[in-house]
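[1] Predicted model, plus sequence, below.
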Amino acid sequence: MSAIVGEIVEPYAQALMSVAKSNNLTNEIGEILRSLLELMENSEPLRKFLGNPVIKRDDKKAVIGQIFREEANPYVRNFAMLLVDRGRISFLEPIAKQYLALLRQLNKTVLAEVTSAIELNDGQKHTLCEKVKGITGAENVEIITKTDPDLLGGVIIKVGSQVIDASLRGQLRRIGIRLNA
């Protein structure tokens, strides 16, 4: 995958970022791509349709036209159409993720992936943001949350390669290791 990222994903993400910067739309395009990623994550038929090499380009363009109706940002729609023309539409998801990584870099933002036993409220998310800022020294924090009832309680925070396991399951595991030592 790293070769694909270097040869295909990175240049396209950089090109989209360049267009976004020159039109002062970096954050707006980022929001559109977040929505698109959410749509694709929740629609396996859409992912399969766009990734299927047998389906005609015009049919893919028609679907993209429906996703990005006229009120949507024309740069993102045109970018997606370009990916279809070049046979690269199957890379839309990784390109969007790479664009968001470039946007976080531009905005001095870190991405924190938080797993909790139950859904977090806004106050808890804000507290986590402040803790992550303190740990990383970042100006901004973007949080992606998911739930895992097996944690029993607490949270697991992943920022880059750093993992902070403050879950009840993790604490019990560490106690068990100490008792067995």
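    In hand now; what should we look at?

[2] Once you drop chain neighbours, what's closest to I157?
    Spatial nearest neighbour of I157, chain neighbours left out: I164 (4.5 Å); criterion: C-beta to C-beta, 6 or more residues apart in numbering. All C-beta atoms are positioned from the backbone trio N, CA, C, and that covers glycine.

[3] And the average pLDDT for the helix or strand encompassing the one you found is what?
    Using DSSP states H and E, I164 sits in strand 162-167. What strand 162-167 shows for mean pLDDT is 87.

[4] Would you mind listing the buried residues in it?
    I164, D165, S167 (16 or more other C-beta atoms under 10 Å).

[5] same for the following helix or strand past it, what does it pack against?
    Using DSSP H and E, the next helix or strand after strand 162-167 towards the C-terminus is helix 168-180. Counting contacts by 3 or more C-beta pairs under 8 Å, 6 or more residues apart in numbering; DSSP states H and E, helix 168-180 packs against strand 154-159.

[6] Buried residues, the strand it packs on. List them.
    For strand 154-159, by 16+ other C-beta under 10 Å, it's V155, I156, I157, V159.

[7] how deep is the nearest residue to L36 once chain neighbours are set aside tucked in, by neighbour count?
    In this structure, L36 finds its nearest non-sequential neighbour in A96, 6.0 Å apart by C-beta to C-beta, 6+ apart. A96: 26 surrounding residues under other C-beta atoms under 10 Å.

[8] Tell me which residues touch A80, please.
    Contact analysis of A80 by C-beta atoms under 8 Å, 6 or more residues apart in numbering lists I64, I67, F68, I89, L92.

[9] If we use 10 Å, what do you get?
    36, 50, 60-61, 63-65, 67-68, 72, 89, 92, 95-96 (C-beta atoms under 10 Å, 6 or more residues apart in numbering).
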